[in-house]
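Trainee: following is a predicted model, sequence given first.
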Amino acid sequence: MDFDGTLAHPDFYQLVRAQQVAESTPDYWREYREGTRSHFDVLKRYFQAAEGGESALVRLLDEIALPENLSGLVARPRDHSWAVVVVSAGCQWYIDRLLSVGRSANYRSSTTLAPSSRAGS
């Protein structure tokens with residue numbers, strides 16, 4: 001399952017950029033689209049530019065919605081012996097926190113978090 005922007009709305013990085021990064025920060029996404037920065041470099045730079053530290057980032061998690069029926073969505077393939085894998089080119093840090101706040105107890109207990117196949121690109 002894709003996480004950012006598919007299961008989780010809005011995308012965590014959009015929230016960070018909109019609420020915790022100064023307007024004077026360069027447009028790293030533009031640089032990514034132009035091919036001058038990697039995806040991971042862009043994310044790293046936005047996190048470095050974020051103001052307020054970890055506690056401010058944690059507060060953003062309250063603004064992210066997960067599907068109310070997430071446990072059911074996960075149970076269906078598991079009932080047929082399929083593994084559920086979360087795929088994100090982002091950051092496991094906030095995914096772990098979102099899945100551990102009680103919104104999706106059945107989901108987090110045995111779900112594999114896997115890096116994107118483009119990791120390091």
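Mentor: Received the coordinates, thanks.
Trainee: so where's this structure uncertain?
Mentor: Scanning the chain for pLDDT under 70 picks out 1-2, 89-90, 101-121.
Trainee: all helices for it, in order.
Mentor: Assigned by DSSP state H, the chain shows helices spanning 12-20, 28-33, 39-49, 53-60, 70-78, 92-100, 105-108.
Trainee: reformat those helices as a markdown table; add distance to Val86 and mean neighbour count.
Mentor: All C-beta atoms are positioned from the backbone trio N, CA, C, and that covers glycine. Shown next, in a markdown table, are the helices of the chain (distance: least, Cβ to Cβ, whole Å; neighbours: other Cβ atoms under 10 Å):
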| stretch | distance to Val86 | mean neighbour count |
| --- | --- | --- |
| helix 12-20 | 13 | 18 |
| helix 28-33 | 22 | 15 |
| helix 39-49 | 17 | 16 |
| helix 53-60 | 19 | 13 |
| helix 70-78 | 10 | 15 |
| helix 92-100 | 6 | 16 |
| helix 105-108 | 9 | 16 |
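Trainee: ok, the residue of the chain positioned farthest from its centre to Val74 distance?
Mentor: Using Cα atoms, centre = their mean, the residue of the chain lying farthest from its centre is His80. It sits 26.9 Å away. To Val74, His80 is 12 Å away according to Cβ to Cβ, to the nearest Å.
Trainee: follow-up on the earlier one: adding distance to Asp4, write the helices of the chain out as CSV.
Mentor: Listed next are the helices of the chain as CSV, based on distance: least, Cβ to Cβ, whole Å:
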stretch, distance to Asp4
helix 12-20, 7
helix 28-33, 14
helix 39-49, 10
helix 53-60, 13
helix 70-78, 15
helix 92-100, 9
helix 105-108, 16
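Trainee: so which of the ones you listed gets nearest Phe3?
Mentor: Among those, helix 92-100 comes nearest to Phe3, with 5.8 Å by Cβ to Cβ.
Trainee: gap between the closest one and the chain center?
Mentor: 8 Å (Cα atoms, centre = their mean, to the nearest Å).
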